[in-house]
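Just the structure for this:
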Amino acid sequence: MDRYQYLLLMAGCLVVTLPLEVVLRARVYRRPRRLLLALLPVVLLFSVWDVVGIARDHWTYSERYTTGILLPFRMPLEELVFFLVIPVCGLLTLEAVGTTMTWWRRWRERDA
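Purely as a prediction, here's the structure:
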């Protein structure tokens, strides 16, 4: 089970932020083109950075907590998943806060 901890943590992040899409109407998953355009530079930049760090032995990854699946240039699968999941969770949070603030402003204007 230890080998899947990293991936389980990423799945947990998605599960915890999923209600933001449904309940607070963050609309991140409903706009796949916009999501892809937001993720692409992040994934590319950090993947290159990670690969360079690995190649220079600046950092390594625990074989105990990763699946051992390596992508090109010895990048662990979990790193790519991290570069996808965390920005999505951030976008969900940002959009949910924006929606909540809009609702708050409308409520305040209505009461004024």
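
what are the ranges of the strands in the protein?
For the chain, applying DSSP state E gives strands covering 70-71, 75-76.

Which strands and helices lie in contact with the longest helix belonging to the chain?
Taking DSSP state H as the criterion, the chain has its longest helix at helix 77-111. With contacts defined as 3 or more Cβ pairs under 8 Å, 6 or more residues apart in numbering; DSSP states H and E, the packing partners of helix 77-111 are helix 5-22, helix 32-55, strand 70-71. In short, each C-beta sits where N, CA and C put it, glycine included.

Need the strands of the chain in CSV (columns: mean pLDDT).
Formatted as CSV, these follow (pLDDT from 0 to 100):
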stretch, mean pLDDT
strand 70-71, 96
strand 75-76, 96
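
Cys89 is nearest to which of these?
Across the strands of the chain, Cys89 has its closest neighbour in strand 75-76 (19.4 Å, Cβ to Cβ).

now the angle from the longest helix of the chain to helix 32-55?
Interaxial angle, helix 77-111 versus helix 32-55 (axes from the mean of the first three to the mean of the last three Cα atoms, to 10 degrees): 140 degrees.

how distant is helix 77-111 from the center of its chain?
Centroid displacement of helix 77-111 relative to its chain, using Cα atoms, centre = their mean, to the nearest Å, is 12 Å.

Likewise for stretch 33-51?
Centroid separation for stretch 33-51 versus its chain: 11 Å, with Cα atoms, centre = their mean.

Can you list the neighbours in contact with it?
28-29, 73-75, 79-80, 83-84, 87-88, 91 (Cβ atoms under 8 Å, 6 or more residues apart in numbering).

Among these, name the buried ones.
28, 75, 79-80, 83, 87-88, 91 (16 or more other Cβ atoms under 10 Å).

dump the residue contacts of the residue nearest to Ile86 when sequence neighbours are not counted.
Nearest residue to Ile86 in three dimensions, chain neighbours excluded: Cys13, at 6.9 Å (Cβ to Cβ, 6 or more residues apart in numbering). Each residue near Cys13 by Cβ under 8 Å, 6+ apart is listed here: 85-86, 89.

likewise Leu71?
Counting by Cβ under 8 Å, 6+ apart, Leu71 has contacts 77, 79-80.
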